[in-house]
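J.: The amino acid sequence is not available; the structure is as follows:
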C-alpha cells in the first residue's frame, strides 16, 4: 500500500533544491492552521492561559482589587512547610499508590480469569466493566450508602458474615482512607482488566505451546511468557493511573470532603478549599504547580524507562 | 470438543477448562464477580423503584415496586438537572466532534512547519486537567480573555471548555491517516477545495471513528464534575451529577429521591456504553489510551 503510494512520487522526484510540491501561495500555507484554529484557541483560553495565570499567581500574593504583590517563592515554602499540605501530600501519594497498585493487580487477575472469546465471558466482562462508565458522582453516592456505618449497613452486614466488623468506614479516621481506596479500585480495576485483555490477545500463542512442550505449567508460563509480554501494557496503565491518582478530587469531595478530621484530605481538595473558600489564591496556585510538576516528572520518567527498555 | 489449540488460547487456560467440576467453579466465580462489580449498580436500580427509608434497607429483592421516588424527585427539580445535563452533553459533544474533525484533518492530511509543536501542545493538555487548573480556570471563566465574557452561571461555561479534547483529536487523527491519499488527490484534480474534500470524501470514510470519539466524549462530558462545580452558581444551572450532593443533604428529600436521581445520572452513560460497546473497546485499545 505504502510503496504503491510512494512510487509515483519518487518517479517524478525533482532535482535537489527545488521545492517538492509547488505551494499555492499563502493560502495553502495558512490552510492547516485554519483547520486547527478552533482547537488551538480553545486550548489556549481554557488550558494555557489558566496555566500561565497559575504560574504567575504562585509567585504572588493575590489581592483582588489591590493588585498582586510579588512574593517570590514564599507561596511554595508555605506549601512545603505547612502541616496540612504535608499531610495532604502523604494522603495523595498513599491513595494514588494504593489505587494504582490495587487496580493493576486485581485488573490483571480479572483479565486472566475472564480472558477468552466465548459469549458468556463477554457478558461477564461487560457486567464487570460497568462501574468504569458510571459517573463518579453516582459511584460516590452509591458507596456512601454501601458504607452506611450502622451495624446493619450493607458493607457491615457483609463483614458480619465473615465474623468481622462493624466498621465506621468513611466516618472513622483510621478506616476512611482505605474505604476511599476501595472505591477507587472497584472503579479502576475493570478498566485495567479490559486493557490487559487486549494485551493478552496480542501474546504469541506459539510461545504458550512451546513453553508447554518444555514442560512448564500454567503458573511458570504466566511468569515467563505472559507477564513479560504485558510490560508495555503495565507501563501505559501505570502512567495513566498515577496521573489520575495524583489529581484525585471528585470521589474525595463527595465521599468524605477530606474528613473526618483531615484523614482523607488530598492535595486537590485542600487546594480547592484554600482557593475557593479561603481565597488564598497564591498558595493554592503554588500547590497546583507542585502537583503538575509531579505529574510531568512521573510521566516523563515512565516514558524514558520505556524507551530505554525497548531499545 | 476440546482441540489442541484450545489449551493455548488463554494465559491460564482457566476459561477453557472442561468437565463438571470446572464448570461449577467457573459459574460460581462469574457469579461472584458480577455481583461484586455490577451488583451495587443493580441494587441502586432496584432501590430507585422501591420504598426505601434508610441505607441499610437497600436490597436486590424488593417487596414491592413503586414510582413514588421518581415523582418526588421530579418535584425537587431533577428533570431540570437532567435537562441541563443533556444540553451540556449534547452541545458539548457536537462541538467536540466538530473541533476534533477539523483539527485532525489538518494533522492527518497536511504537512506543515510547526506540526510537531502543535502535536506536542495538544498532548501536553492531557496533563492539564480541570482539577489542577481549577482556580485560575474559574478566573478565566469569569472573564474570558480578549472577548471579556463572563461564563460563570451559564451552561455555556460548562460546554465551551470541553469542546477541545486532546484524546478525541488524536483518535480522529489516527483514523484519518488510514484513508488512502489517492481519493483526495483525485478530488483535488477535479477542483474540489479542502472543505469540500473534508466533508464529502474524508468524513464519510471516518464514520467508525465518529462512534469511538462519540462514546468516549459522551462518557467524559457526562462524568464532568469540577467544571460544573466551578461554573454553576445556583441550582438552576446544576447538572444531574452535581445535584446529587444537594439532594443527599436535603433532609426532606429522603433516600428514595437520591436513588432515583442517581439512577437517572447512571443510565445515560451506561446505555451509551452498551449501545456503542464495540466502538468503546476500539477506542480503549487503539493505542490512544492516554486520555
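T.: Great, that's in hand. A quick note: this is a predicted structure, and the numbers were derived from the prediction, not measured.

J.: ok now stretch B:216-230, how far from the chain's centre?
T.: Relative to the centre of its chain, stretch B:216-230 is centred 8 Å away, using C-alpha atoms, centre = their mean, to the nearest Å.

J.: just stretch A:34-51 next, same as before
T.: On C-alpha atoms, centre = their mean, the centre of stretch A:34-51 falls 23 Å from the chain's centre.

J.: mind listing what's buried in it?
T.: Residues of stretch A:34-51 classed as buried: A:35-36, A:38-40, A:42-51 (neighbour count, 16 or more other C-beta atoms under 10 Å in any protein chain shown). Any C-beta I mention is one placed from the backbone N, CA and C, and that applies to glycine too.

J.: Residue 212: which element?
T.: Went with chain A since none was named. Assessed by DSSP states H and E, residue A:212 sits inside helix A:205-213.

J.: Let me rephrase: I mean chain B.
T.: Going by DSSP H and E, residue B:212 is part of helix B:207-222.

J.: Would you mind identifying the next helix or strand past that helix?
T.: Scanning forward in sequence from helix B:207-222 by DSSP H and E, the next helix or strand is helix B:226-231.

J.: Mind giving me the packing neighbours of that following helix?
T.: helix B:130-142, helix B:156-159, helix B:240-249 (3 or more C-beta pairs under 8 Å, 6 or more residues apart in numbering or on different chains; DSSP states H and E).

J.: Quick one: residues in contact with that helix.
T.: A:249-250, B:88, B:129-131, B:134, B:137-138, B:141, B:151-154, B:157-158, B:161-162, B:237-239, B:241-242 (C-beta atoms under 8 Å, 6 or more residues apart in numbering or on different chains).

J.: what pLDDT does residue 156 get?
T.: Answering for chain A, as no chain was given. For residue A:156, the model assigns a pLDDT of 81.

J.: Wait, chain B was what I had in mind.
T.: Listed pLDDT for residue B:156 reads 93.

J.: What is the neighbour count of it?
T.: 16 (other C-beta atoms under 10 Å in any protein chain shown).

J.: how far away is it from chain A?
T.: From residue B:156 across to chain A, the span is 12 Å (C-beta to the nearest C-beta, to the nearest Å).

J.: Return the distance of that residue relative to residue B:91.
T.: 9 Å (C-beta to C-beta, to the nearest Å).

J.: re earlier: for ChimeraX, write the select line for the buried members of the contacts of helix B:226-231.
T.: To isolate in ChimeraX the members of the contacts of helix B:226-231 that are buried, counting by 16+ other C-beta under 10 Å, one can use:
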select /A:249,250 /B:88,129,130,131,134,137,138,141,151,154,157,158,161,162,237,238,239,241,242
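
J.: Could you report the neighbour count for the closest residue to residue B:216 other than its chain neighbours?
T.: In space, residue B:216 comes closest to residue B:283 once its chain neighbours are excluded; the distance is 5.1 Å by C-beta to C-beta, 6 or more residues apart in numbering or on different chains. Taking other C-beta under 10 Å as the criterion, the count of residues near residue B:283 is 23.

J.: got it, and residue B:229?
T.: Every residue meeting other C-beta under 10 Å relative to residue B:229 is counted, giving 22.

J.: Looking at it now. What's its pLDDT?
T.: At residue B:229, pLDDT is 94.

J.: quick revisit: quick one: contacts of the helix holding residue B:212?
T.: In contact with helix B:207-222 (C-beta under 8 Å, 6+ apart) are residues A:133, A:135, B:85, B:88-89, B:92-93, B:96-97, B:100, B:162, B:165, B:167-168, B:171-172, B:175-176, B:241, B:268-269, B:272-273, B:276, B:278-280, B:282-283, B:286, B:291.

J.: Equivalent analysis for stretch B:182-197, please.
T.: Stretch B:182-197 has contacts (C-beta under 8 Å, 6+ apart) with A:5, A:31, A:35, B:105, B:109, B:200, B:201, B:202, B:205.

J.: filter the residues you listed to the buried ones?
T.: Buried subset of the contacts of stretch B:182-197 (neighbour count, 16+ other C-beta under 10 Å): A:31, A:35, B:105, B:109, B:201, B:202.

J.: in chain A, which ranges drop under the pLDDT threshold?
T.: Chain A contains residues with pLDDT under 70 at A:1-27, A:309-311.

J.: Does at least one residue of the top helix by length along it sit close to chain B?
T.: Longest among the helix segments of chain A by residue count, using DSSP state H, is helix A:83-114. Yes. Judged by C-beta under 8 Å from any C-beta of the partner chain, helix A:83-114 and chain B are in contact via A:110, A:112, A:113, A:114.

J.: and the closest residue in space to the first one that isn't next to it in sequence, what helix or strand is that in?
T.: The reference is to residue A:110. Sequence neighbours aside, residue A:193 is the residue nearest to residue A:110 in space, at 4.1 Å (criterion: C-beta to C-beta, 6+ apart). Residue A:193 belongs to helix A:176-201 when elements are defined using DSSP H and E.

J.: report the angle between the axes of that helix and helix A:83-114?
T.: 40 degrees (axes from the mean of the first three to the mean of the last three C-alpha atoms, to 10 degrees).

J.: Show me what helix A:176-201 is packed up against.
T.: Packed against helix A:176-201, as judged by 3+ C-beta pairs under 8 Å, 6+ apart, are the following elements: helix A:83-114, helix A:119-133, helix A:136-146, helix A:231-246, helix A:250-255, helix B:20-48, helix B:277-284.

J.: run the last query once more with 6 Å
T.: helix A:83-114, helix A:119-133, helix A:231-246 (3 or more C-beta pairs under 6 Å, 6 or more residues apart in numbering or on different chains; DSSP states H and E).

J.: Residues in contact with the second one: which ones?
T.: It stands for helix A:119-133. A:114, A:186-187, A:190-191, B:30, B:33-34, B:37-38, B:41, B:219, B:269-270, B:273 (C-beta atoms under 6 Å, 6 or more residues apart in numbering or on different chains).

J.: circling back to that earlier point, pull the most distant pair out of the contacts of stretch B:182-197.
T.: A:5 and A:35 (22.3 Å; C-beta to C-beta).

J.: tell me the contacts of residue 108?
T.: Chain wasn't specified; assuming chain A. Taking C-beta under 6 Å, 6+ apart as the criterion, residue A:108 is in contact with residue A:196.

J.: Oops, wrong one, chain B.
T.: Counting by C-beta under 6 Å, 6+ apart, residue B:108 has contacts B:173, B:176, B:177.

J.: and the closest residue to the last one other than its chain neighbours, what helix or strand is that in?
T.: If you skip the residues right next to it in sequence, residue B:177 has residue B:108 as its closest partner in space, 4.7 Å away by C-beta to C-beta, 6+ apart. Taking DSSP H and E as the definition, residue B:108 sits inside helix B:78-109.

J.: Low-confidence stretches in the stretch 151-291 of chain B?
T.: For the stretch 151-291 of chain B, counting by pLDDT under 70, the residues that fall below are B:286-291.
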